[in-house]
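**Q** what's the 3D shape of this:
(chains A, B and C)
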Amino acid sequence: MKPLFNFEEANMPEEVRGILYGQDILSVSQFNKDVIEYVFTRTLEMREMVQKQGTADLLKGKVAAFIFYEPSTRTSSSFIAATQRLGGGIIPITSGVSFSSVSKGETLEDTMRVLQQYADVIVLRHPQIGAAKRAAAAANVPVINAGDGPGEHPTQALLDLFTIRDELGKIDGLKVAMVGDLRYGRTVHSLTRLLMQYDVKLRFVSPEILRLPLNLMNQVIDAKIDVRETHNIADVIDDVDVLYMTRVQKERFTDIEQYESVKDYYVLGPELMAKAKEKMIVMHPLPRVGEIDEAIDDDPRSGWFRQAQNGMFVRMTLLAGVLGRA
Amino acid sequence: MKPLFNFEEANMPEEVRGILYGQDILSVSQFNKDVIEYVFTRTLEMREMVQKQGTADLLKGKVAAFIFYEPSTRTSSSFIAATQRLGGGIIPITSGVSFSSVSKGETLEDTMRVLQQYADVIVLRHPQIGAAKRAAAAANVPVINAGDGPGEHPTQALLDLFTIRDELGKIDGLKVAMVGDLRYGRTVHSLTRLLMQYDVKLRFVSPEILRLPLNLMNQVIDAKIDVRETHNIADVIDDVDVLYMTRVQKERFTDIEQYESVKDYYVLGPELMAKAKEKMIVMHPLPRVGEIDEAIDDDPRSGWFRQAQNGMFVRMTLLAGVLGRA
Amino acid sequence: MKPLFNFEEANMPEEVRGILYGQDILSVSQFNKDVIEYVFTRTLEMREMVQKQGTADLLKGKVAAFIFYEPSTRTSSSFIAATQRLGGGIIPITSGVSFSSVSKGETLEDTMRVLQQYADVIVLRHPQIGAAKRAAAAANVPVINAGDGPGEHPTQALLDLFTIRDELGKIDGLKVAMVGDLRYGRTVHSLTRLLMQYDVKLRFVSPEILRLPLNLMNQVIDAKIDVRETHNIADVIDDVDVLYMTRVQKERFTDIEQYESVKDYYVLGPELMAKAKEKMIVMHPLPRVGEIDEAIDDDPRSGWFRQAQNGMFVRMTLLAGVLGRA
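**A** The predicted structure follows:
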């Protein structure tokens, strides 16, 4: 019954070590290609371990605190599962935070300074942009940003990139389309920044009012990425390798007629999938609420649930990494 | 300090294996006498293990997710304790669910499809009848129904039956009275269905408007069970072997005078217990709120807290069972 | 990777054993100097263990339930971390309690009688004074009071006392000032009661309307403690060894002008610290909301975060103690 999986001896290259061990994970901008490569190699081992034996003892002796100022079942579950599968202890503060010491007026910084007394690593979800950075500045243990409002969600971007590489065998040379709310979607922003390090073609598909923010678009152009914008999935479906779907929220529109007139452009179903390449992948950060028809769930190109599971494996690597165990 | 308890080698008979291993637990109708017998034998071992050493490693390598769309301290605590006592990891989502991805409009099915990426088994509590069945149809890991509204609560019925057998040494030949709200009480319905497999006599004690539903009553009659209905505990107390109490809720009555006129018939105290057999057992699914006088708590026939503990042992067996470890 | 720390063999002296093993922890009045000495010695070992290896197996085989009728991120996190660092299982019921079986009308006593079926020890936070005592009377497993309204918070007082001894090397001979809301602050009351067993000088610094309650003041006087009351930190700062800060809440004042006129007397900043002894310690039960200037956070005499961590170590000792493992 005792797990027997032997991780390769943790021989993090010095340059990777400097970026992971004892460090915070706040933004995708921390991750260069070397570190990404290392993280992905380790993540494959994590997956193999889970498939073979379910859990391991890599985080024995460590305790992780999960403090979610806004609930997120998916993200908190994924992180908690990652910790439990590596034998780490958990301090789950995933609901009720607002009623607690926070409502007594304590600063985020002080909350971090207290949690670091109990935990070896802190995973933080917060509704305000910049909260993770503030938290990390206050804490003397690694802080992992699990989403800070419209800011970043770096572990999501890494799991997205891992999924692309895992499903298609490479990143360079791919044509990636991002669909939906490109203006506010932090997931799209973070993944775009990661992809800019690679030799990819990008297609941005959105309603006019939800186009990619100007400054991010300029960065893409400056990076000499082959890039195009369009309003309709139908324009790109036939030759993309990755179709990254996100939700177009009705609330974003002041003019409901405008919403009604475009919404069908952002719903993926069997008809569109029939035009897609045989080898490609559809992704979604989830939850989906109508923008992907359940009729295509069994299509082998539908990758969003595998993507969700990759989230656990990537987070296992990152937790182990910042604690010097990966 | 290391647990040394040796479970008997898990040699599940083939027919039991087909019903437990890798399967969902949705309804008592899944459980025939062979499986029940197997579950009870294992449950006795679980109890012995806990009494001897507290915990074991039977679920090492496994992670369980607990998703409660309505809080239930008792049931969630019991399942979490069961998992921790077998060395399994936990993903506790026992509050705040409604504020989380669910309120973002995700379907129950998708939530299951995500959780199965992280967990080896999902324990679900949901306010809607049929929710567990829908969840199980979507998930590719075992789903255990921890109560779906007015539907089923199969682990409660199994722990009830285990308690009867454990306290009285047998099931066949017993006279069992169910008391209180027999119309809406899913606990009563599930236990009745289980008991119909045995040679028992049933007595149903309820106000007129809370009598057992017609179709269940007909099933009991068709099964040729010796059955009687009555309005008053006093009518049955002298010769029942099991008195299964439930609450009569004021809210069920449109006519308050009617409630006031009958409510005392469903309160158990020392006077009634003085008329009961020396060897019998009083049970209650808890919480109780007045229908059992605390004055009889120390009566050896008061079995409801032992019944609660049996819930943990039975759930240990079921968790281990569906994961192929019992 | 396997923890190797060897705790000194648990040879609790008989008189300590009688006070800890299998007992409830409800009030500081349970703790005489012998027990305190024992607890502190064990707590030093806990700290050494955590520093060396993070976790141990001392509570293997045990499961602890944490039931918080009012959320308290800090206290619940500290107790959960303590349990996880000793290898114990957890049943975290730290939010949503009010929506759960409690709102179904179950008594606190019955909730305890159920939880004891699942857990080996129960940690309880409750808004009502006396709740812990009621809970302990009902439960047949140890109950640890994690704060019962304006009543007691004994583990806080013990960690406070441990911190004083740890930082200053002794307790006898010290001059301790308590600052802020001395009328309602249960932390101050509990610590005062503990300190009365030692040869200390006490200084109470508060607004007129928040002075120490009369009966506690009389106990201090009867114990022949050298004691003085004052309205201003400035009066005591130059020669105290311990400055124990608490918050002065605006809500306590009916006359806002009165609040405005005194509030600055209870804010500690660099100017006041410049007058303090070189070897002294500032403490605070946290959260702080303005009464300590962050400008002095890096002062080596600022002890409140170390104090918070000591909370985890002391609670490790107490959990192990009541379970016979310390």
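
**Q** contacts for stretch A:254-261 next, please.
**A** By CB atoms under 8 Å, 6 or more residues apart in numbering or on different chains, the list of residues contacting stretch A:254-261 from outside reads A:207, A:209, A:248, A:250, A:253. (Each C-beta comes from the backbone N, C-alpha and C, glycine too.)

**Q** chain B versus the third one, what's the distance?
**A** The one in question is A:Val248. 13 Å (CB to the nearest CB, to the nearest Å).

**Q** enumerate the residues of the stretch 151-300 of chain A near chain B.
**A** Neighbours of chain B within the stretch 151-300 of chain A, by CB under 8 Å from any CB of the partner chain: A:286-290, A:294.

**Q** in CSV, list the residues you listed along with secondary structure and neighbour count.
**A** As requested, those are exported to CSV (DSSP: H, G, I helix; E, B strand; the rest coil; neighbours: other CB atoms under 10 Å in any protein chain shown):
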residue, secondary structure, neighbour count
A:Leu286, coil, 23
A:Pro287, coil, 19
A:Arg288, coil, 20
A:Val289, coil, 14
A:Gly290, coil, 13
A:Glu294, helix, 14
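
**Q** which of the residues you listed lies closest to A:Thr192?
**A** Lowest distance from A:Thr192 to those (CB to CB) belongs to A:Leu286, with 18.7 Å.

**Q** in what helix or strand does A:Val114 lie?
**A** helix A:108-118 (DSSP states H and E).

**Q** that helix close to chain C?
**A** Yes. Against chain C, helix A:108-118 shows contacts by CB under 8 Å from any CB at A:109-111, A:113-115, A:117-118.

**Q** helices and strands around that helix, which ones?
**A** Applying 3 or more CB pairs under 8 Å, 6 or more residues apart in numbering or on different chains; DSSP states H and E, we find helix A:108-118 packed against strand A:63-68, strand A:121-126, helix A:131-138, helix C:73-85, helix C:304-322.

**Q** state the mean pLDDT of that helix.
**A** For helix A:108-118, the mean pLDDT works out to 97.

**Q** before we move on, what about stretch A:288-295?
**A** Regarding stretch A:288-295, the rounded mean pLDDT is 94.

**Q** and the helix holding A:Val114 with helix C:73-85, angle?
**A** Orientation check (axes from the mean of the first three to the mean of the last three CA atoms, to 10 degrees): helix A:108-118 against helix C:73-85 gives 20 degrees.

**Q** re the thing from before, of all the contacts of stretch A:254-261, which two lie farthest apart?
**A** A:Ile209 and A:Lys250 (12.2 Å).

**Q** higher neighbour count, those two?
**A** A:Ile209 (14 against 10; other CB atoms under 10 Å in any protein chain shown).

**Q** tell me who's in contact with the more buried one.
**A** Contact partners of A:Ile209, counting by CB under 8 Å, 6+ apart, are A:183, A:252-253, A:258.

**Q** show me which residues of the helix or strand bottoming out on mean pLDDT in chain A are buried.
**A** Ranked by mean pLDDT, DSSP states H and E, the weakest helix or strand in chain A is helix A:256-262, scoring a mean of 85. By neighbour count on 16 or more other CB atoms under 10 Å in any protein chain shown, the buried set for helix A:256-262 is A:259, A:262.

**Q** before we move on, what about stretch A:171-189?
**A** A:171, A:174-183, A:185-189.

**Q** quick one: end-to-end distance for stretch A:241-257.
**A** 32 Å (CA to CA, to the nearest Å).

**Q** now swap in stretch A:284-295 and tell me
**A** 15 Å.

**Q** same check, this time on stretch A:258-272
**A** 22 Å.

**Q** who touches the longest helix along chain A?
**A** When chain A is parsed with DSSP state H, its longest helix is helix A:33-53. The contact list for helix A:33-53 (CB under 8 Å, 6+ apart) reads A:3-5, A:7-8, A:12-13, A:15-16, A:19-20, A:31, A:56, A:85, A:158, A:161-162, A:165-166, A:194, A:197-198, A:310, A:312-314, A:316-318, A:320-321, A:326, B:61.

**Q** distance of the nearest residue to A:Gly311 once chain neighbours are set aside relative to B:Ile93?
**A** Sequence neighbours aside, A:Leu159 is the residue nearest to A:Gly311 in space, at 4.3 Å (criterion: CB to CB, 6 or more residues apart in numbering or on different chains). Noted for A:Leu159: a distance of 20 Å to B:Ile93, by CB to CB, to the nearest Å.

**Q** what does the stretch 101-250 of chain A put close to chain C?
**A** Near chain C, when you scan the stretch 101-250 of chain A using CB under 8 Å from any CB, you find A:101-102, A:104-106, A:109-111, A:113-115, A:117-120.

**Q** among these, which two are most distant?
**A** A:Gly105 and A:Asp120 (27.2 Å).

**Q** ok, the two, which is more surrounded?
**A** More neighbours surround A:Asp120 than the other of A:Gly105 and A:Asp120, with 22 against 12 (other CB under 10 Å).

**Q** which residue, other than its chain neighbours, is closest to the more buried one?
**A** A:Lys62 (4.6 Å).

**Q** quick one: contacts for that neighbour?
**A** With CB under 8 Å, 6+ apart, A:Lys62 has these contacts: A:88-89, A:120-121, A:323, A:325, C:54-55.

**Q** one more time with 10 Å
**A** Going by CB atoms under 10 Å, 6 or more residues apart in numbering or on different chains, A:Lys62 touches A:83, A:86-89, A:119-121, A:319-320, A:323-325, C:54-55, C:84-85.

**Q** and for A:Thr107?
**A** So A:Thr107 contacts A:113, A:134, A:138, C:287-290, C:294 (CB under 10 Å, 6+ apart).

**Q** what is the nearest of those residues to chain B?
**A** The closest of these to chain B turns out to be C:Pro287 (CB to the nearest CB; 21.8 Å).

**Q** so that closest one touches A:Glu109, yeah?
**A** No. Here C:Pro287 does not reach A:Glu109: they are 11.3 Å apart, not a contact under CB atoms under 10 Å.

**Q** okay, now the domains of chain A?
**A** A:14-152+A:309-322, A:155-292 (automatic domain parsing).

**Q** out of those, deepest packed?
**A** Ranked by mean neighbour count, the domains of chain A are led by domain A:14-152+A:309-322 with a mean of 22 (mean count of other CB atoms under 10 Å in any protein chain shown).

**Q** measure that domain end to end?
**A** Per CA to CA, domain A:14-152+A:309-322 runs 14 Å from first to last residue.

**Q** before we move on, what about stretch A:175-189?
**A** End to end - CA to CA - stretch A:175-189 spans 17 Å.

**Q** ok, the residue nearest to A:Gly89 when sequence neighbours are not counted - contacts?
**A** Excluding the flanking residues, the one nearest A:Gly89 by CB to CB, 6+ apart is C:Gln84, at 3.1 Å. By CB under 10 Å, 6+ apart, C:Gln84 lies in contact with A:62-64, A:88-91, A:118-119, C:54-55, C:59, C:64, C:90.
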